[in-house]
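>>> Predicted model, plus sequence, below.
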2 protein chains.
Amino acid sequence: METITPNWLKKRADLSPERTALIFNDQSWTFGEVFTLATKIAGKIVGLLPGKSSRVAILMNNTPEAVWVIYGLQQLGIETVFLNSKLTASELEFQIIDSETELIIYDRSLKDKANELSVMLTEILIVSVTELEGRPTFEIAIREEYRLDDVFSIMYTSGTTGKPKGVLQTFGNHWWSAAGSVLNIGLQENDSWLCAVPIFHISGLSIFMRSIIYGIPVILVEKFDERAVNRLLSSGKVTIMSAVTAMINRMLTEQGNLPYHPAFRCLLAGGGPVPKPLLEVCKERQIPVFQTYGMTETSSQIATLSPEDSLRKLGSAGKPLFPSQLKIMVEQEEAKPMQEGEIFVKGPNVTGGYLNRDETNADSFRDGWFSTGDLGFKDEEGFVYILDRRSDLIISGGENIYPAEIEEILLSHDEVADAGVTGISDKKWGHVPYGFVVAGKPINEEEILAFCRKSLAAYKVPKRIIQVNELPRNGANKLMRRLLSRLIENEK
Amino acid sequence: METITPNWLKKRADLSPERTALIFNDQSWTFGEVFTLATKIAGKIVGLLPGKSSRVAILMNNTPEAVWVIYGLQQLGIETVFLNSKLTASELEFQIIDSETELIIYDRSLKDKANELSVMLTEILIVSVTELEGRPTFEIAIREEYRLDDVFSIMYTSGTTGKPKGVLQTFGNHWWSAAGSVLNIGLQENDSWLCAVPIFHISGLSIFMRSIIYGIPVILVEKFDERAVNRLLSSGKVTIMSAVTAMINRMLTEQGNLPYHPAFRCLLAGGGPVPKPLLEVCKERQIPVFQTYGMTETSSQIATLSPEDSLRKLGSAGKPLFPSQLKIMVEQEEAKPMQEGEIFVKGPNVTGGYLNRDETNADSFRDGWFSTGDLGFKDEEGFVYILDRRSDLIISGGENIYPAEIEEILLSHDEVADAGVTGISDKKWGHVPYGFVVAGKPINEEEILAFCRKSLAAYKVPKRIIQVNELPRNGANKLMRRLLSRLIENEK
């Protein structure tokens, strides 16, 4: 039977109109106010929509306006493409065309990128929030109910090979993700969630979905800044925060030995295991770290390790949350404890598939289980350990970087005969990409880096380009990216 | 898309094996232990089941054994009929036959009733828990997953006319009921729920569903006793309790001016509005009363009033919970604020219908909304007020009593020409049924009461039988039960 719930924000505004929904710098808004603002902007958006079932993309950073637009689109039940503002115009172009987006809404800080896009995509309507706000407000019929099978958000993610794919996230996926989290960490009257991760990633968007479902405020910051975040965590205003390891490192260094406020009860850490020395510091300072495993396809965390287990189960991502399942497969069989294999996940928070990718979708699901491509194992007690992210994924400061994408660019350079990319550990970012190239004559590193910058978002541009005689390949001539780092061991 | 989750108890035992799941008198069990006991009893039950899809009924009071059996049946995914142990054997007989039950499990305290049933129902297997425990344990394949559309529990409820109907409660109904409650009252690490209401009612069963979903202990008591309950609420061991108004009254009287432990944070009050003097006592003693509206068909509460609104919105049942909707209909239109009408509800916690009652089901649902038959209105702020329970339902000490059922018995008495039953307010029980009869000659009250006792559960037997000249009927000759109480106004 199809599951239907009331419109979440409308319901929340009815149940808790006076409760704080959003805090940004010195301003704050109640759920009642947020609902009014979202409805108002929705009434402006409809005037621009070519059709009722149009798809809209947002190209926005962490601002209150982005929140009104996202909730506004939700009032209309419009499928929303979340564009990563760090991508280059040509990277974005692919996603916009692929998703058949008919309208793009951007914010002032991304004006240059929007201008570039408007030259490339002359048929697509591109408006700034400021323009939008100046437009007439139409009377609209907002969605009274949400069908949980309906798609709300689309976020692009890459894979081993090929172009990025749009992950379809339904209202149900978001609901169950929020439910799994609340059953894990509880819900207290004073709860508030700090969002210092991008709203265009699932880590950020999921905070806003939880906010309206739980009825708790989001404290939004424009950009992660360790000093500002530390001040918030020391103030007692924040009880929960989502972060990646690289952020935690910078926060702890800046904070020194000062304790955080005791109300701060949960630091959700994604993007790879937190190293032991960092965990020990957290334990000493009584910072409750919940290490998680998740991806765009699972609509945020799918497994979490409790703070009490963090040192006993060092490096583990814990157990799958209440509504979800996780198994390790070796060939067609489920692995034994401690046996390495591919990670499969299942649960109502897991995407039903990628947009217009029938073939990939057929490959990605087996009997209702989603094949993550990640490698890992479970220990005797069922705790999950992630060994390698799929397709040698590099997580750099919370952003996913797919080596294949960078290799493709390197290979398109005239002088490069062969190329391989891998992540090298980095104090500030966790990992950064390094490029390894084979060429007929000595290369000019700076020239190749400049070439990369033309097509790649800044965070994807390799930190170094290293020329080698040949790349490590296995018998089937497959590039062994994990062996690349050995080529610079002497150098480091 | 069909929603599938892991088996709840198994998942809970995996996530929190060492946490306390159940406390009964001086004993306690962890989720790990409860899972083991449930699996074990499931392995004994399968040996008695005629078929894989058999339906099993339980005739049990509040005991740990009942908990193992309920969870055990859930491991097997077996539809379970929850029999009200207060009913007479002939009342039960109807439900057992109607539900096509193939096996009944009873506990020692209900031996006499079980014996009566075994004479009446010679084809149905009736075993005690003790017998069951002595039987061999079979290897079983427990359900790894629950399909939320599958029925788990069936509870009988009556209506205006006709025989009781089996309400089908799916796993999804229970899930969403638990989700709606947690989003309303939160979830804290020290939470525990006192169950002093019968497990065979949705008020009791829903506590056990929440327990495994939330990972919190149930403190189970065999029977409501104000002194024992007060001791528990003063101990700090209980944070949440479900009660009906009649229970609260008795608790407060016994407790006197002594405060409850501050950890006690939520008293969920069902079965009609709490009277103002009682609310004022609760306010004075800082007892947080959450008044609720719900029924078997909504799998427990569907609307709840927060303590902060309880005096401002006296007599209201609050607003519908996050996943649910409630509207007031007058003829085919939605009522205006303050306008009285019939209450309709919708939400994933609402039953899909009654067992084998196609006609009633067709009548009970309109565009996905369930017609409760109850009367009420919403105020300008959307707070719901219940005016009359459907079919003049009498709620007596938390038990539902349907006048039609008693009238049918009264009318079957040789001397009774016409009969009407209504609820008269009662200090101890909230309301008690009174019978009004028309007869050709003076009746013998005691003889008619004895006649009722033969076919009706004790709580349904009228407190008084009053002979009148005629019953109040409207133009369409419909009995106006609400006017019956006027016939004794002088007498009271």
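That came through fine. Residues are numbered from 1 along each chain as shown, chains lettered A, B, ... in the order given.

>>> Now do the same contact list for the closest residue to chain B within the stretch 351-492 of chain A.
Residue of the stretch 351-492 of chain A nearest chain B, by CB to the nearest CB: residue A:382 (6.1 Å). All C-beta atoms are positioned from the backbone trio N, CA, C, and that covers glycine. Listed by CB atoms under 8 Å, 6 or more residues apart in numbering or on different chains, the contact partners of residue A:382 are A:319, A:337, B:14.

>>> Helices of the stretch 351-492 of chain A, start to end?
A:358-364, A:403-411, A:445-453 (DSSP state H, counting those that start in this stretch).

>>> so what's the most centrally placed residue in chain A up against?
For chain A, the residue nearest the mean C-alpha position is residue A:201 (3.3 Å; CA atoms, centre = their mean). Going by CB under 8 Å, 6+ apart, residue A:201 touches A:82, A:84, A:155, A:296, A:398.

>>> do you know how far the residue of chain A positioned farthest from its centre is from residue A:414?
For chain A, the residue at maximal distance from the C-alpha centroid (CA atoms, centre = their mean) is residue A:441, at 39.8 Å. Distance of residue A:441 to residue A:414, computed by CB to CB, to the nearest Å: 11 Å.

>>> Residue A:167 too?
Per CB to CB, residue A:167 is found 35 Å from residue A:414.

>>> Give me the subset of the contacts of residue A:382 lying in strands.
Taking DSSP state E, the ones among these that sit in strands are residue A:319.

>>> Going along the chain, name the strands of the stretch 201-350 of chain A.
Ranges of strands in the stretch 201-350 of chain A, per DSSP state E, counting those that start in this stretch, are A:218-220, A:240-244, A:266-270, A:289-295, A:300-305, A:316-320, A:325-330, A:333-334, A:341-346.

>>> Could you check how many residues crowd around residue A:274?
The local packing of residue A:274 (other CB atoms under 10 Å in any protein chain shown) involves 24 other residues.

>>> which residue sits closest to it, ignoring its sequence neighbours?
Excluding the flanking residues, the one nearest residue A:274 by CB to CB, 6 or more residues apart in numbering or on different chains is residue A:245, at 5.3 Å.

>>> Could you verify my assumption that that neighbour touches residue A:275?
Yes. Counting by CB atoms under 8 Å, residue A:245 does reach residue A:275; the two are 7.4 Å apart.

>>> Close to chain B: what parts of the stretch 51-200 of chain A are there?
Residues of the stretch 51-200 of chain A found near chain B, taking CB under 8 Å from any CB of the partner chain as the criterion, are A:145, A:148-149, A:172, A:176, A:179, A:182-183, A:186-189.

>>> Backbone dihedrals for residue A:114, both of them.
Backbone torsions of residue A:114, given as degrees, to the nearest 10, read phi -60, psi -40.

>>> follow-up on the earlier one: the residue farthest from the centre of chain A reaches residue A:415, doesn't it?
Yes. The criterion here is CB under 8 Å, and residue A:441 meets it with residue A:415 at 7.0 Å.

>>> measure residue A:278 to chain B for me?
From residue A:278 across to chain B, the span is 25 Å (CB to the nearest CB, to the nearest Å).

>>> who's in contact with that residue?
By CB under 8 Å, 6+ apart, residue A:278 lies in contact with A:245, A:248-249, A:252.

>>> State the pLDDT value of the residue farthest from the centre of chain A.
At residue A:441, the model reports a pLDDT of 91.

>>> Bridge partners for residue A:167, pull those for me.
In this entry, residue A:167 is beta-bridged to residue A:155, residue A:354, by DSSP bridges.

>>> sorry, back to before: got the residues of the stretch 51-200 of chain A next to chain B as JSON lines, with pLDDT and secondary structure columns?
As requested, those are exported to JSON lines (pLDDT from 0 to 100; DSSP: H, G, I helix; E, B strand; the rest coil):
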{"residue": "A:145", "pLDDT": "98", "secondary structure": "strand"}
{"residue": "A:148", "pLDDT": "97", "secondary structure": "coil"}
{"residue": "A:149", "pLDDT": "97", "secondary structure": "coil"}
{"residue": "A:172", "pLDDT": "98", "secondary structure": "helix"}
{"residue": "A:176", "pLDDT": "98", "secondary structure": "helix"}
{"residue": "A:179", "pLDDT": "98", "secondary structure": "helix"}
{"residue": "A:182", "pLDDT": "97", "secondary structure": "helix"}
{"residue": "A:183", "pLDDT": "97", "secondary structure": "helix"}
{"residue": "A:186", "pLDDT": "96", "secondary structure": "coil"}
{"residue": "A:187", "pLDDT": "97", "secondary structure": "strand"}
{"residue": "A:188", "pLDDT": "96", "secondary structure": "coil"}
{"residue": "A:189", "pLDDT": "93", "secondary structure": "coil"}
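
>>> Drop anything exposed from these.
Buried members of these, scored by 16 or more other CB atoms under 10 Å in any protein chain shown, are A:145, A:148-149, A:172, A:176, A:179, A:182-183, A:186-188.

>>> Dump these into CSV; add distance to residue A:467 as well.
Converted to CSV, those look like this (distance: CB to CB, whole Å):
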residue, distance to residue A:467
A:145, 60
A:148, 53
A:149, 52
A:172, 50
A:176, 49
A:179, 51
A:182, 52
A:183, 52
A:186, 54
A:187, 55
A:188, 56
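
>>> Need the max-distance pair from those residues.
Maximum pairwise distance in these, criterion CB to CB, is 31.6 Å, between A:149 and A:188.

>>> Could you check how many residues crowd around residue A:1?
11.

>>> these two touch, right, residue A:89 and residue A:106?
No. Taking CB under 8 Å as the definition, residue A:89 is not a contact partner of residue A:106, at 11.6 Å.

>>> For these two, work out which one has more neighbours and name it.
Between residue A:89 and residue A:106, counting by other CB under 10 Å, residue A:106 is the more crowded of the two (28 against 18).

>>> wait, the more buried one sits on residue A:130?
No. The pair residue A:106 and residue A:130 does not pass the contact test of CB under 8 Å, sitting 9.8 Å apart.

>>> Give me the distance between residue A:441 and residue B:157.
Using CB to CB, residue A:441 is found at 86 Å from residue B:157.

>>> scratch that, residue A:448 is what I was asking about
Applying CB to CB to residue A:448 and residue B:157 gives a distance of 75 Å.

>>> who's more crowded, residue A:167 and residue A:414?
When residue A:167 is set against residue A:414 and neighbours are counted by other CB under 10 Å, the residue ahead is residue A:167, at 25 against 6.

>>> Can you name the residues that contact the more buried one?
By CB under 8 Å, 6+ apart, residue A:167 lies in contact with A:154-157, A:296-297, A:351, A:354-355.

>>> Any idea how many residues pack against residue A:315?
17.

>>> And the residue lying closest to it once chain neighbours are set aside, what's its pLDDT?
For residue A:315, ignoring the flanking residues on the chain, the nearest one in space by CB to CB, 6+ apart is residue A:273 at 4.5 Å. In this model, residue A:273 is scored at 72, pLDDT.

>>> Report the contact partners of residue A:273.
By CB under 8 Å, 6+ apart, the contact list for residue A:273 reads A:245, A:291, A:314-317, A:386.

>>> packing partners for the particular helix or strand that has residue A:74 in it?
Secondary-structure assignment from DSSP states H and E places residue A:74 in helix A:64-76. Counting contacts by 3 or more CB pairs under 8 Å, 6 or more residues apart in numbering or on different chains; DSSP states H and E, helix A:64-76 packs against helix A:8-15, strand A:20-24, helix A:31-45, strand A:56-59, strand A:80-82, helix A:129-133, helix A:202-210, strand A:218-220.
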